[in-house]
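Enquirer: Here is my input; please provide its structure:
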Amino acid sequence: MNLPRWFLHPILIFIISIAALGVSLFLYIHWYVEASTMLQAAMEKFDLDQSRVLESRTWVVIMVLSILVGVILMGIFSIFIYSQKTLQLYRLQNNFINNFTHELKTPVTSLKMFLETFSRHDLPKEDQDKYLGYMIADVNRLKENIDRILNLAKIESKSYAEEFTSVDLVSVIETFFRNNQHLFTNARVRIHKPSEPLPPYRINLSLFEMLLMNLATNAVKYNDKDCPQLDIRFSEDRSKRFIHFADNGIGFEKKEIRKIFRKFYQVGRFDDMTAKGTGLGLYLVQTVAKLHRWKVAAQSEGIGKGSVFTLTLPKDARR
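Expert: Sure thing, here's the model as predicted:
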């Protein structure tokens, strides 16, 4: 006998289990009260000493029983939540493996095709330069994905030994984009300097550059405009400073805000090929922010309306 697929859904099984336990408790209490009433009536009829034959502890038993059932319910609920999170993590990891395999296979296949073209044909200089450009782009794509895996391993194993140093964040950001402008040749990055100079902040330079690379790469990669844009602005209030990274990319729905920083999480679905990347970029951004005791938040007005990622720093740079 084949049961419908929805009938075996864990949430439905959980609800049925809770309902069955609740009904069992109700029936047991009902039976206990009814039996106690009947026994008490019998003792009164035959003029028996109730204190010697039956000591009335009905409500004490009911209370203890209710507490025990409550503990059982909490245990079942905890196991259910844990199993659901485990299942979700499994699905995310499965999507990550599928996407990461695709992310590695695509540039490797492209490189193989270009190399075979070079080996079989005598190409003019113009075509050689064009194909070399494609190959360099594929190599950079491979390097980006491999670096994310290596960086994730380093961060989670806490093997970053480089000390934190005091730097000017604005200068670091400007230098980063100046040194990596070859990676964003088709994009426009604008850094709007703060009205007043920022005090030096203690950062791990390698980790901070990793954070910048992931935010900038996301702004360009998840973008369907002819000219991807990234505007970096600074603001502050009484106790905090903010660095805003605003792009004109594809954006995301508001329901995704709490999910996009999870490890392996991807906006979209892999089965219909709307999910992209490895699901590690923003997780690395959040992890690096936490290591600096900062916070990162995301905001978007919806699909097609761009995104804003905001780093929140303490105003007191010594903290």
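Enquirer: need the contact list for L169.
Expert: Taking C-beta atoms under 8 Å, 6 or more residues apart in numbering as the contact definition, L169 lies against L198, Y201, I203, I243. Backbone N, C-alpha and C define where each C-beta goes, glycine included.
Enquirer: ditto for L104
Expert: Contacts of L104 (C-beta under 8 Å, 6+ apart): L142, N145.
Enquirer: Over to D127?
Expert: Counting by C-beta under 8 Å, 6+ apart, D127 has no contacts.
Enquirer: Report the secondary structure state of it.
Expert: Three-state assignment for D127 (DSSP: H, G, I helix; E, B strand; the rest coil): helix.
Enquirer: Next: V189.
Expert: Looking at V189 with three-state DSSP, the answer is strand.
Enquirer: That one: how many residues sit nearby?
Expert: 22 (other C-beta atoms under 10 Å).
Enquirer: beta partners for it?
Expert: Beta bridges link V189 to L230, judged by DSSP bridges.
Enquirer: pLDDT of the helix or strand harbouring F26, averaged?
Expert: If you go by DSSP states H and E, F26 is part of helix 10-45. The average pLDDT within helix 10-45 is 73.
Enquirer: For it, buried residues please.
Expert: By neighbour count on 16 or more other C-beta atoms under 10 Å, the buried set for helix 10-45 is F14, L25, I29, Q40.
Enquirer: Which elements pack onto it?
Expert: Judged by 3 or more C-beta pairs under 8 Å, 6 or more residues apart in numbering; DSSP states H and E, the packing partners of helix 10-45 are helix 50-53, helix 58-120.
Enquirer: Distance from that helix to the middle of the chain?
Expert: Computed by C-alpha atoms, centre = their mean, to the nearest Å, the chain-centroid distance of helix 10-45 equals 44 Å.
Enquirer: Assign a three-state SS to the residue positioned nearest the centre of the chain, would you?
Expert: Central residue of the chain (C-alpha atoms, centre = their mean): R262, 1.0 Å from the mean position. Secondary structure, three-state DSSP: R262 is coil.
Enquirer: How about it, nearest residue that isn't a chain neighbour?
Expert: Leaving aside its chain neighbours, R262 sits nearest to Y283 (6.5 Å; criterion: C-beta to C-beta, 6 or more residues apart in numbering).
Enquirer: thought that neighbour was touching K259?
Expert: No. If you go by C-beta atoms under 8 Å, Y283 and K259 don't touch, sitting 10.9 Å apart.
Enquirer: Of the two, which one has the most company?
Expert: Neighbour totals were compared for Y283 and K259, and Y283 leads with 20 against 14 (other C-beta under 10 Å).
Enquirer: Run through who's touching the helix or strand where that one lies.
Expert: In the assignment (DSSP H and E), Y283 maps to helix 281-291. Helix 281-291 has contacts (C-beta under 8 Å, 6+ apart) with 148, 151-152, 155-156, 204, 207-208, 210-211, 214-215, 217-218, 260-265, 295-296, 298, 309, 311.
Enquirer: That one: which residues count as buried?
Expert: In helix 281-291, counting by 16+ other C-beta under 10 Å, buried: G281, L282, Y283, L284, V285, Q286, T287, V288, A289, L291.
Enquirer: so for it, what's the average pLDDT?
Expert: On average, the pLDDT along helix 281-291 is 86.
Enquirer: OK, contacts around M74?
Expert: By C-beta under 8 Å, 6+ apart, M74 lies in contact with nothing.
Enquirer: Check it and give its pLDDT.
Expert: Looking at M74, its pLDDT stands at 79.
Enquirer: ok, so what distance separates it from L21?
Expert: 12 Å (C-beta to C-beta, to the nearest Å).
Enquirer: just to revisit the earlier point, among the contacts of helix 281-291, which ones are buried?
Expert: Applying 16+ other C-beta under 10 Å to those, the neighbour count classes 148, 151-152, 155, 204, 207-208, 210-211, 214-215, 217-218, 260-261, 263-265, 296, 298, 309, 311 as buried.
Enquirer: Which of the residues you listed fall within strands?
Expert: V296, A298, F309, L311 (DSSP state E).
Enquirer: and of these, the nearest to N248?
Expert: Among those, F309 lies closest to N248 (C-beta to C-beta), at 13.3 Å.
Enquirer: Let me see the contact set for the closest one.
Expert: Residues near F309 by C-beta under 8 Å, 6+ apart: L215, H244, F245, V285, V296, A297, A298, Q299.
Enquirer: Name the nearest residue to it, ignoring sequence neighbours.
Expert: Using C-beta to C-beta, 6+ apart and skipping residues adjacent in sequence, the residue nearest F309 is F245, 4.5 Å away.
Enquirer: what's the distance between F80 and L89?
Expert: Distance from F80 to L89, counting by C-beta to C-beta: 15 Å.
Enquirer: my bad, should have said K240
Expert: K240 is 33 Å from L89, by C-beta to C-beta.
Enquirer: How about S66?
Expert: Plainly put, S66 is 35 Å away from L89 if you go by C-beta to C-beta.
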